[in-house]
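Colleague: predicted coordinates and the sequence they were generated for:
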Amino acid sequence: MAQINHLNTIHLNYLNPLLKWRVMNLESLRQECTNVPNYFNFCKIIRSLEKAKILEGYRHPFNRKKYVYLSSFGEGQLSLTENPSSVSKETLIHDIKVSEIGKSFVDIGWMNNIQLEHELHNKRNFRVTYKIIPDALLEGTKKGVSYKVALEVELSRKSNPRILEKARQYSASTYYNYVMYIFSKRNYMEKYIEIIKSGVSSEDFNRFMFFIDETMSADPTNLSEMQGFFKDKSVKLSEVFGPVK
């Protein structure tokens, strides 16, 4: 293991964005750093952190981008006891998409704030109070009214009972104003719509949004062009949240 005796301010500048976003491609991470560093020097430090096992790297098989995230050892070096990143190799592509989509909602001005699943887990009694934790919680304001959207990114299809149970939990919750599913396949979306529509009241069903990005696994998600269904109508995501700011 390469020797890093202590994490200095340069290291922390590079690592801190990962506490929020969990897993990021190198350019996104560099842009999130304070005083955006020179790309060559940035990559040099990243490699040293990987060699020291503080970071782990992943090369995406489709877009070929390099992603990094904190290792368990790295979390320990930052004296984090609540396991804030919780990145597992089994769910890495899912975690990448949740992070990228959530960050895009904030970057284009549709949302004021986002909290990913690990941040909600670390809030005292959040699950006990609100019963269900989404992949991310989006918080926005429209016409002066604040609202909360539970985001669920579905790269694979869950079982019918699990789909319905989760939808009913959301229906019973007054904490989330809306629930937004984003799918990688059209047939997944159609099945979720069928199951949820038949299992909750029509009033509650109008709180659910269903959108699709069939190139999700390979390309960055273009939120403004994303198509889906909301309140039984075919809509673009931009029709729901407004033009990109």
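Modeller: Alright, I've got the coordinates. Owing to the predicted nature of the structure, the values given are computational and were not obtained by experimental measurement.

Colleague: every contact and neighbour count from this point should use C-alpha atoms.
Modeller: Fine.

Colleague: ok, now which ones touch the residue nearest to the spatial centre of the chain?
Modeller: For the chain, Val98 is the residue whose C-alpha lies nearest the centre (CA atoms, centre = their mean; 2.5 Å). Contacts for Val98 (CA atoms under 8 Å, 6 or more residues apart in numbering) come out as 135-136, 153.

Colleague: among those, which ones are in strands?
Modeller: Counting by DSSP state E, the part of those found in strands is 136, 153.

Colleague: separation between the residue nearest to the centre of the chain and Gly76?
Modeller: In this view, Val98 and Gly76 are 24 Å apart by CA to CA, to the nearest Å.

Colleague: just Ile10 next, same as before
Modeller: Going from Ile10 to Gly76 by CA to CA gives 18 Å.

Colleague: neighbours around Thr141, how many?
Modeller: Using other CA atoms under 10 Å, Thr141 has 13 other residues around it.

Colleague: can you pull the contacts of it?
Modeller: Thr141 is in contact with 111-112, 147, counting by CA under 8 Å, 6+ apart.

Colleague: ranking helices and strands of the chain by mean pLDDT, which lands last?
Modeller: The helix or strand of the chain with the lowest confidence, counting by mean pLDDT, DSSP states H and E, is helix 126-130 at a mean of 66.

Colleague: tell me the SS of the residue nearest to the centre of the chain?
Modeller: Following DSSP: H, G, I helix; E, B strand; the rest coil, we place Val98 in the helix state.

Colleague: ditto for Arg157
Modeller: Using three-state DSSP, the structure places Arg157 in coil.

Colleague: what about the closest residue to Tyr176 other than its chain neighbours, which helix or strand?
Modeller: Setting aside the residues directly before and after it, Tyr176 is nearest to Lys148 in space (CA to CA, 6 or more residues apart in numbering), at 5.2 Å. If you go by DSSP states H and E, Lys148 is part of strand 145-154.

Colleague: just want the angle from the very next helix or strand once past that strand to strand 145-154.
Modeller: Using DSSP H and E, the helix or strand that follows strand 145-154 in sequence is helix 160-172. Helix 160-172 runs at 170 degrees relative to strand 145-154, counting by axes from the mean of the first three to the mean of the last three CA atoms, to 10 degrees.

Colleague: following the chain onward from helix 160-172, which element is next?
Modeller: That would be, after helix 160-172 and using DSSP H and E, strand 178-183.

Colleague: where do the strands sit along the protein?
Modeller: 23-25, 55-59, 66-70, 113-116, 136-142, 145-154, 178-183, 208-212, 227-230, 233-236.

Colleague: which intervals of the chain have sub-threshold pLDDT?
Modeller: Along the chain, the model assigns pLDDT under 70 to residues 1-5, 79-86, 123-130, 218.

Colleague: please redo it, this time with the cut-off set to 80
Modeller: Applying pLDDT under 80 to the chain picks out residues 1-6, 62, 78-87, 121-131, 216-221, 244-245.

Colleague: circling back: show me what the strand holding Lys148 is packed up against.
Modeller: Contacts defined by 3 or more CA pairs under 8 Å, 6 or more residues apart in numbering; DSSP states H and E place strand 145-154 against helix 92-107, strand 136-142, strand 178-183.

Colleague: quick revisit: tell me who's in contact with the residue nearest to Tyr176.
Modeller: Residues near Lys148 by CA under 8 Å, 6+ apart: 137-140, 175-178.
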